[in-house]
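1. A structural model of the following input is requested.
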Amino acid sequence: MAAASAEAEFPEGFARTIAFSLTSALELSEFSIDPVGMVRSSTGLVTVSGTLTCSQSATIRIEGTISQRAGRTIVTGTFFTTFTCSGTTSWSASTTGENGRFVGGKAQVDASVAGDIPLTTEQAVRLKGSP
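-> Numbers count the residues shown, from 1 in each chain. The predicted structure is shown next:
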């Protein structure tokens, strides 16, 4: 935030100092999802991660979905995470399937930054199993 001041002449010759501040706009860039995620085999809990670059420190919310084909069904799960972004910052989020269990293998992750700044990304991921 930058601070500044200015002086103005008023009709009766009184000088007044007016103080104000300027706030630069938040810029987001380089929103990514890592190509490898983790799935806990015993529960189907998936954790995905990535990075986001922010021009200044800000609280960010990322929302998304994970989908994985399981036979004729597509298992889906939704996730969100909130974190403080400053520069290039790592994020991660976890979810379970709403209509089945995630397993190791191919999946699709779609994510977006929630709020006034529209930024989305998608990534095919490989879910690696863990016990």
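2. from here on, contacts and neighbour counts on C-alpha atoms
-> Noted.
3. so how far is residue 73 from residue 112?
-> Using CA to CA, to the nearest Å, residue 112 is found at 24 Å from residue 73.
4. please identify which of these two sits among more neighbours.
-> Between residue 112 and residue 73, counted using other CA atoms under 10 Å, the more crowded position is residue 112 (18 against 10).
5. helix or strand for residue 89, which one?
-> Element membership of residue 89 [criterion: DSSP states H and E] is strand 73-95.
6. which secondary structure elements does that strand contact?
-> For strand 73-95, the packing partners by 3 or more CA pairs under 8 Å, 6 or more residues apart in numbering; DSSP states H and E come out as strand 45-70.
7. repeat the analysis, applying 10 Å as the threshold.
-> When contacts are defined as 3 or more CA pairs under 10 Å, 6 or more residues apart in numbering; DSSP states H and E, strand 73-95 packs onto strand 28-33, strand 36-40, strand 45-70, strand 105-113.
8. partner strands of that strand, parallel or antiparallel?
-> strand 45-70 (antiparallel) (DSSP bridges).
9. with adjacent residues omitted, what lies nearest to the most centrally placed residue in the chain?
-> By CA atoms, centre = their mean, the chain has its centre lying nearest to residue 62, at 3.2 Å. Take residue 62 and drop its neighbours on the chain: the residue closest to it by CA to CA, 6 or more residues apart in numbering is residue 113, 4.6 Å away.
10. any idea of the pLDDT on that neighbour?
-> Model confidence at residue 113, given as pLDDT, is 93.
11. you'd agree it is up against residue 119?
-> Yes - using CA atoms under 10 Å, residue 113 makes contact with residue 119 at a distance of 5.5 Å.
12. out of the two, which sits in the busier spot?
-> residue 113 (21 against 15).
13. for the more buried one, what are its contacts?
-> By CA atoms under 10 Å, 6 or more residues apart in numbering, the contact set of residue 113 is 28, 31, 52, 60-64, 80-82, 119-121.
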